[in-house]
Every structure is written in structure tokens, then in C-alpha cells.
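In: dropping the sequence and predicted coords here.
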Amino acid sequence: METSRSFKDRLNTAMVARGIKAAELSRLTGLSKARISQYTNGIYAAKPNALCLIAEALDVSEAWLMGRDVPMGRADNTPLSPPDNISVLGVASYPVLGDIACGLPTLAYQDADEFVCGADINADFCLTAKGDSMTGARIYDGDIVYIKQTDAVDNGDIAAVIIEDEATLKRVYYYPEQSKLVLTPENPKYEPLVFIGRELENIKIIGRAVAFQSKL
């Protein structure tokens, strides 16, 4: 597939640029050497969780690693402060990486090459909401959700969360003293998702929802 070839080319380019060989990348990411070999040979493209691990290890942008026309390096997220008497309005483009479930978890990565333009809201990428579990937060099926990439959020924040190789959009509540994570929907017909102890090893927060865009 074209996606696998693009990912393979970018992955090999980044490994050469960083001076990191496959065995070292395996150690840094915790992914098996066999899986790294499949990626570097273009057999498969990495799914969201593995993509995040590889991008962090190589210090490159996830969107760039997927073949998008964006800078290779990870973005400097420090915003510039305008003068107090000036309000800045801007337009920015964000890669739409795929769908995210507002209901049961679903696969987040797709072969998407669409970009959404909107106000400059300090986001890194977008996901398309699927389902109705977040309607209480006014996020409906088909809405574009803007995500600021981060691996930690405050309790009560709405976040994109990877559960193994699937993703869901929920409010996050983490209780470290109990080693418990609760992902809470905004629709009473859905039960919260609760993870305790070693179950947390298969879960990764990939970003905080900072805005959404509805389609009329």
C-alpha cells in the first residue's frame, strides 16, 4: 500500500538522520525487532500506539512520519505572545489522522490525506468523531475534533486515548493512589470504561481535545 511505502521511507530516513539502527529503535520503543523489521521493509505501517512510540524515540513529528507534507521535527509548542492591545486571528491546516470513537473504541489510523483549515488554536492534528457518546459535550458524529498532542491531561479533560491499537474520545480521570483510570462518556446511555493496575500498560493518552468543528 502507498501508506506503508511512505511510512517505510520516512522511517528509514529518520533512522539514518538520528543515527539509530533497528536494534536500538527496538530497545527505545519496546517494540520487537521483528516488528521494527516489518516497518523498515514496508510490510506494514505502524498503528497509532506504535507510531507515537517511534516518533518520540526518533524525535520526529507523527504526521511527518506518516508521509504528510509537514516539517520533520516535533513542533515547538511555545506560543508567541502578541501585544496586549492586539487580537490575532489566524488560519492553520491540520492533518486529519482518522476516526475516533465516541462510543465503543475504534481504530484511529486511516489512509487519510484530508486537511481541515480553521482558526489557529494550537492543535497538532484532527480526528473525526464517530458515534454519540460525547453529545453531552456537544461533540456529534462527524464532527472534527482538534487535538493537542500530549501524554498527560488534567482530570476532567476530554482526551484522545489509545486502548491497545484502538482509540476513543472520553473525559479522563486518573487516580494514581488506586492505579485506576476512568474514561467517562458524555451520554448517560454509555457506561464509563474503567482500567486498574496492569491494564493501564495497554493505554496511552495521545492528546487533549482543544476544539471541535461541526458540519452543518
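Out: That came in fine, so what should we check first? Residues are numbered from 1 along each chain as shown.

In: for the protein, what spans make up the helices?
Out: All helices of the chain, identified by DSSP state H, fall at 2-18, 22-29, 33-40, 48-58, 62-65.

In: save those as JSON lines, and put in mean pLDDT and mean neighbour count too.
Out: In short, each C-beta sits where N, CA and C put it, glycine included. What follows is the helices of the chain, written out as JSON lines (pLDDT from 0 to 100; neighbours: other CB atoms under 10 Å):
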{"stretch": "helix 2-18", "mean pLDDT": "81", "mean neighbour count": "16"}
{"stretch": "helix 22-29", "mean pLDDT": "90", "mean neighbour count": "16"}
{"stretch": "helix 33-40", "mean pLDDT": "88", "mean neighbour count": "16"}
{"stretch": "helix 48-58", "mean pLDDT": "85", "mean neighbour count": "21"}
{"stretch": "helix 62-65", "mean pLDDT": "85", "mean neighbour count": "22"}
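
In: which of those sits closest to residue 183?
Out: helix 48-58 (15.7 Å; CB to CB).

In: related to what we said a few turns ago, which among the helices of the chain is found nearest to residue 137?
Out: Going by CB to CB, the one of the helices of the chain nearest residue 137 is helix 48-58, 21.9 Å.

In: how about residues contacting that closest one?
Out: Residues outside helix 48-58 that contact it (CB atoms under 8 Å, 6 or more residues apart in numbering): 11, 14-15, 18, 20, 25, 28-31, 35, 39, 46, 61-62, 65-66, 74, 97, 108-109, 162, 164-165, 167, 204, 206.

In: who does the nearest residue to residue 138 once chain neighbours are set aside form a beta bridge with?
Out: Computed as CB to CB, 6 or more residues apart in numbering, the closest residue to residue 138 that is not its neighbour in sequence is residue 212, at 7.5 Å. Here residue 212 shows beta-bridge partners residue 145, assigned using DSSP bridges.

In: what does residue 194 give?
Out: According to DSSP bridges, beta-bridge pairing links residue 194 with residue 182.

In: just to revisit the earlier point, nearest to residue 173, out of the helices of the chain?
Out: So among the helices of the chain, helix 48-58 is nearest, using CB to CB, at 21.1 Å.
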